[in-house]
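Participant: everything below, folded, please.
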Amino acid sequence: MSGGFMIRLNVWFINLGIIWTVIFAVMSFYWAMGGMLGVKSLGGSIYEIALNPSPSFLAVVWLTGFIKLLGAAVLAMLLVHWNNPKITRTLYYTAKISGVFLFLYGAFNFITISLHALQLLDFDLDPYATFWRLVFWEPFWMVGGVFYFFSAKKIKGSS
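Facilitator: Purely as a prediction, here's the structure:
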């Protein structure tokens with residue numbers, strides 16, 4: 001891509017990652033505006049707080065939406081031909097590290113919620129939320145991690 005640090009882009013994964021991120025951010029904005037569709041599937045204290053949210057809770061939900069959009073910006077910036085290899089390197093590693101963290105967050109939650117479903121751990125999570133966390137939310141996090149991680153590949157021989 002540039003100078004001494006070259007990457008090969010996977011435009012499919014970049015585009016899927018941007019779409020995934022925007023959908024994820026829109027969910028936060030919808031909930032921050034008082035929408036309740038899907039909130040029960042989160043379960044636990046998040047659902048309880050969402051029933052009667054404080055201004056600080058709503059501010060956090062708005063903030064998470066904007067933070068999520070930063071991820072889409074990072075992926076979109078991978079598509080720019082940067083003349084500075086430091087920028088390319090920073091974007092590459094940001095996407096890779098973000099992908100690892102997103103995937104591991106979903107995977108660790110999936111494991112702990114599975115242990116809860118098997119009654120080996122005790123969480124404040126009803127069966128409805130447990131089901132949706134295992135079939136949608138945690139896999140959703142992991143899929144996003146895959147999109148970010150595989151958005152770019154370092155070309156062998158580049159520094």
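Participant: kindly list the longest helix within the protein.
Facilitator: The single longest helix within the chain, with elements called by DSSP state H, is helix 85-117.
Participant: touching, residue 107 and residue 138? I think so.
Facilitator: Yes - contact criterion Cβ atoms under 8 Å: residue 107 and residue 138 qualify, at 7.4 Å. (C-beta placed from N, C-alpha, C; glycine too.)
Participant: tell me which of those two has more neighbours.
Facilitator: Higher neighbour count among residue 107 and residue 138: residue 138, with 21 against 15, using other Cβ atoms under 10 Å.
Participant: residue ranges in this structure under the pLDDT threshold?
Facilitator: 1-4, 157-159 (pLDDT under 70).
Participant: do a quick rundown of the strands in it.
Facilitator: Using DSSP state E, the strands of the chain run over 7-9, 152-154.
Participant: give me whichever of the ones you listed is most buried.
Facilitator: Mean neighbour count (mean count of other Cβ atoms under 10 Å) peaks for strand 152-154 among the strands of the chain, with a mean of 19.
Participant: against residue 90, how distant is the closest residue to residue 16 other than its chain neighbours?
Facilitator: Excluding the flanking residues, the one nearest residue 16 by Cβ to Cβ, 6 or more residues apart in numbering is residue 147, at 4.9 Å. Distance, residue 147 to residue 90, by Cβ to Cβ, to the nearest Å: 19 Å.
Participant: more crowded one of those two?
Facilitator: Legend: neighbour count by other Cβ under 10 Å for residue 147 and residue 90, higher for residue 147 (27 against 15).
Participant: ok, the more buried one to residue 46 distance?
Facilitator: Distance, residue 147 to residue 46, using Cβ to Cβ: 24 Å.
Participant: now do residue 14
Facilitator: Distance of residue 14 to residue 46, computed by Cβ to Cβ: 30 Å.
Participant: tell me which of these two has more neighbours.
Facilitator: More neighbours surround residue 14 than the other of residue 14 and residue 46, with 23 against 14 (other Cβ under 10 Å).
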